[in-house]
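Participant: Following is a predicted model, sequence given first.
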Amino acid sequence: MKRTPLYNIHMESSGRMVDFAGFAMPVFYTSIIEEHMIIRSSAGLFDVSHMGEITVKGDSAALFLSRLIPTSMSKLEPGKGMYTLFCFENGGVIDDLFIFMINEKSYYLVVNASTVDKDFAWMQNHIIPGVEIENISDSTAKIDIQGPKSAMVLNKIFDKKKIDNLKRFHFYFDDFTGTEIMISNTGYTGERGYELFIENSKAESLWERLMLEGAEYGIKPAGLGARDTLRLEACYSLYGHEINEQINPLEANLGWLINSDKEYIGRSVLENLKKNGSEYEQFCLELTGRGVLHEGYKVLHNGEEIGCITSGIYSPLFKKGLALIRVKRGVLSIGDKAEVQIRDKGIEGEIVKRPFYKFNG
Amino acid sequence: MTKEKGMKVPEDLLYTVDHEWIRIGSDNHCECGITDHAQHSLGDIVFVEFVANIVHTVVAQRDPVVIIESPKAASDVYSPVKGTVTTVNRVVEDTPEIINKDPYGDGWLFKIEIADKKQLDSLMKPEEYLKLIKDGK
């Protein structure tokens, strides 16, 4: 199994390690619930160095990217990032990703750990003259600091003015003990937070410094378990669950990403789906009966199976079962009751407005 | 009390490979639960559900008696021995975190009247269970 540069720190912090996308990653250190709640109330740290980073450089960089994504890049500017997708010609999702625009000729892509090789191969297959791409995942560490107090922690280490003025989805480059660091106001938790990108050799010293400066706020390391419960409360998709090669963006409530007027792969299929609707759609379900929801559980309406859970959690914040469900389009509306089949029993749930937890920035 | 990797393994109990414990009482009445190692591995226990109508039911060794869930996984807890389930701990249904806090005390799960005491020979002694968790099973 591969290790991130923070592996030794995870072991020293009693991280409960699991295999995630071929990496030994902490699922939690002390408790998913505690780690979840510290991020909702103060600040927490994630090691997400397993994620992929790909640079795209050259005169044709923007043209190249615009052919791979369904989202318009017109609102992108130097120092700003955007969320988007790579899709196949048939609309199936190859990956979801973030594109940070450094300048007109240089972009920085952040992709999922399990898909980085597939993404890079897909990009190579569609390369055009005037573009160079590089997979820098193995030399890049990524630490996310998330939570309402995260800016206060960063202010003690980095340029306070830059941090305070950094708008959501924007990023800048700073210096950490002589090494360049990229800091973006982004995250995957529903809280204000930042994602920090730095070369592997500085990962441990950066982590330790963040823990030190965050001590007065009760900062804690958080594992992939809390990352999952936080993102689900905020209704963010997770690749391999809400979206995959067989599920198109419309089925995961990601139709808003389809708005490019450029010629891109999958355009005709995706535009047609956006216009006419997909076979399935996504809803948020809150369990009213007792139980814990997990991926794959069947969802029934008036006794008829209409779909299944794509991600389910026991919400540490709301203290109940929550799930994103993929169901046949047109059957359910907000406020409807639906049943989830948990083992041999049908447990009642309610379709609620998204998101479960509104972004708290 | 012996500890391995910080996990408590009381010396007056017997254990299973599935990380249940059993405390032998008088008149073949025994108390059962999950071990400190098991609760630690699962993390926060957020939900407990006993098998329907389990009280006064005869269960075989390794029959499921209760399902416990952490945010990441559901696990069956099996009966360590054949016998009649006499009582279940309803308190843990409302406050499952007790199992994390006190797995050998207030976090007990069910009581069973053992059918044949000889079956206890098939269970693990504390030192054997210590070895099991030491070997990382």
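Facilitator: Yep, it's here.
Participant: Please make it C-alpha for all contacts and neighbour counts, starting now.
Facilitator: OK.
Participant: At which residues are the helices of chain B located?
Facilitator: B:36-42, B:91-94, B:97-101, B:126-134 (DSSP state H).
Participant: Would you indicate which residues of whichever strand or helix holds residue A:81 are buried?
Facilitator: Element membership for residue A:81 (DSSP states H and E) is strand A:80-87. By 16 or more other C-alpha atoms under 10 Å in any protein chain shown, the buried positions in strand A:80-87 come out as A:80-82, A:84-87.
Participant: right, and the helix or strand after it?
Facilitator: strand A:93-103.
Participant: State the separation between the very next helix or strand once past that following strand and the centre of the chain it belongs to.
Facilitator: Using DSSP H and E, the next helix or strand after strand A:93-103 towards the C-terminus is strand A:106-111. Centroid displacement of strand A:106-111 relative to its chain, using C-alpha atoms, centre = their mean, to the nearest Å, is 14 Å.
Participant: Pairing partners for strand A:106-111, with directions?
Facilitator: strand A:52-57 (antiparallel), strand A:93-103 (antiparallel) (DSSP bridges).
Participant: Columns mean pLDDT and mean neighbour count on top of the ones you listed, output as CSV?
Facilitator: Converted to CSV, those look like this (pLDDT from 0 to 100; neighbours: other C-alpha atoms under 10 Å in any protein chain shown):
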stretch, mean pLDDT, mean neighbour count
strand A:52-57, 98, 22
strand A:93-103, 98, 21
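Participant: list the contacts for residue B:117?
Facilitator: Going by C-alpha atoms under 8 Å, 6 or more residues apart in numbering or on different chains, residue B:117 touches residue B:28.
Participant: now the helices for chain A?
Facilitator: Under DSSP H, chain A gives helices at A:7-12, A:32-41, A:61-66, A:116-125, A:150-155, A:160-165, A:203-214, A:224-233, A:267-276.
Participant: buried residues in the first one?
Facilitator: Read it as helix A:7-12. A:7, A:10.
Participant: Give me the residues contacting that helix.
Facilitator: A:24-26, A:29, A:204.
Participant: same thing but at 7 Å, please
Facilitator: residue A:26 (C-alpha atoms under 7 Å, 6 or more residues apart in numbering or on different chains).
Participant: The fifth one too?
Facilitator: The set of residues that contact helix A:150-155 without belonging to it, under C-alpha under 7 Å, 6+ apart, is A:43, A:163, A:193, A:210, A:213-214.
Participant: Now pLDDT too, for those residues, in TSV please.
Facilitator: Formatted as TSV, the contacts of helix A:150-155 follow (pLDDT from 0 to 100):
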residue	pLDDT
A:43	98
A:163	98
A:193	98
A:210	98
A:213	98
A:214	98
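Participant: Close to chain A: what parts of chain B are there?
Facilitator: Residues of chain B found near chain A (C-alpha under 7 Å from any C-alpha of the partner chain) are B:43-44, B:47, B:71.
Participant: repeat that for 6 Å
Facilitator: Chain B has residues B:43, B:71 near chain A, with proximity defined as C-alpha under 6 Å from any C-alpha of the partner chain.
Participant: Residue of chain B nearest chain A, please.
Facilitator: residue B:71 (5.5 Å; C-alpha to the nearest C-alpha).
Participant: low-scoring pLDDT stretches of chain B, where are they?
Facilitator: B:1-5, B:137 (pLDDT under 70).
Participant: let's see 90
Facilitator: Counting by pLDDT under 90, the low-confidence segments of chain B come to B:1-7, B:26-28, B:41, B:70-74, B:134-137.
Participant: In it, which residue is most central in space?
Facilitator: residue B:33 (2.4 Å; C-alpha atoms, centre = their mean).
Participant: so that one makes contact with residue B:108?
Facilitator: Yes: between residue B:33 and residue B:108 a contact is recorded at 4.7 Å, counting by C-alpha atoms under 6 Å.
Participant: quick one, what contacts the closest residue to chain B within chain A?
Facilitator: Per C-alpha to the nearest C-alpha, residue A:314 is where chain A lies closest to chain B, at 5.5 Å. For residue A:314, the contacting residues are A:292, A:320-321, B:71, by C-alpha atoms under 6 Å, 6 or more residues apart in numbering or on different chains.
Participant: what does chain A have sitting close to chain B?
Facilitator: A:31, A:314.
Participant: Show the contacting residues for residue A:195.
Facilitator: A:143-144, A:183-184.
Participant: Out of these, which sit inside strands?
Facilitator: Among the contacts of residue A:195, the ones falling in strands (DSSP state E) are A:143-144, A:183-184.
Participant: Quickly list what the nearest residue to the residue of chain B closest to chain A once chain neighbours are set aside is bridged to.
Facilitator: With sequence-adjacent residues excluded and distances taken as C-alpha to C-alpha, 6 or more residues apart in numbering or on different chains, residue B:71 is closest to residue A:314, at 5.5 Å. Beta bridges link residue A:314 to residue A:321, judged by DSSP bridges.
Participant: Could you do residue B:9 as well?
Facilitator: Counting by DSSP bridges, the residues bridging with residue B:9 are residue B:2.
Participant: Now for it, how many residues are close by?
Facilitator: 23 (other C-alpha atoms under 10 Å in any protein chain shown).
Participant: ditto for residue A:335
Facilitator: 12.
Participant: For the nearest residue to it once chain neighbours are set aside, list the residues it contacts.
Facilitator: Leaving aside its sequence neighbours, residue A:335 sits nearest to residue A:351 (C-alpha to C-alpha, 6+ apart; 5.2 Å). When contacts are counted by C-alpha under 6 Å, 6+ apart, residue A:351 touches A:284-285, A:334-336.
Participant: Show me how to select, in PyMOL, the buried members of those residues.
Facilitator: In PyMOL, selecting the buried portion of these, with burial taken from 16+ other C-alpha under 10 Å, looks like this:
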select buried, chain A and resi 284+285
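Participant: Next, check the contacts of residue A:351 against the strands and list the overlap.
Facilitator: A:284-285.
Participant: Of the contacts of residue A:351, just say which sits nearest to residue B:122.
Facilitator: residue A:285 (45.2 Å; C-alpha to C-alpha).
Participant: in terms of contact, does that closest one touch residue A:326 like I think?
Facilitator: No: if you go by C-alpha under 6 Å, residue A:285 and residue A:326 don't touch, sitting 10.2 Å apart.
Participant: ok, and which of the helices of chain B has the densest surroundings?
Facilitator: Most buried of the helices of chain B, by mean neighbour count (mean count of other C-alpha atoms under 10 Å in any protein chain shown): helix B:97-101, with a mean of 21.
Participant: Other residues contacting that helix?
Facilitator: By C-alpha under 6 Å, 6+ apart, the list of residues contacting helix B:97-101 reads B:39, B:45, B:107.
Participant: same thing but at 7 Å, please
Facilitator: With C-alpha under 7 Å, 6+ apart as the criterion, helix B:97-101 contacts B:39, B:44-46, B:92, B:106-107.
Participant: just the buried members of these?
Facilitator: B:39, B:44-46, B:92, B:107.
Participant: Nearest to residue B:11, out of the contacts of residue A:314: which one, please.
Facilitator: Out of these, the member with the shortest distance to residue B:11 (by C-alpha to C-alpha) is residue B:71, at 30.6 Å.
Participant: wait, doesn't that closest one sit right on residue A:313?
Facilitator: Yes: with contacts counted by C-alpha atoms under 7 Å, residue B:71 reaches residue A:313, the gap being 6.1 Å.
Participant: hmm, back to that, the residue of chain B closest to chain A: how many residues sit nearby?
Facilitator: 27.
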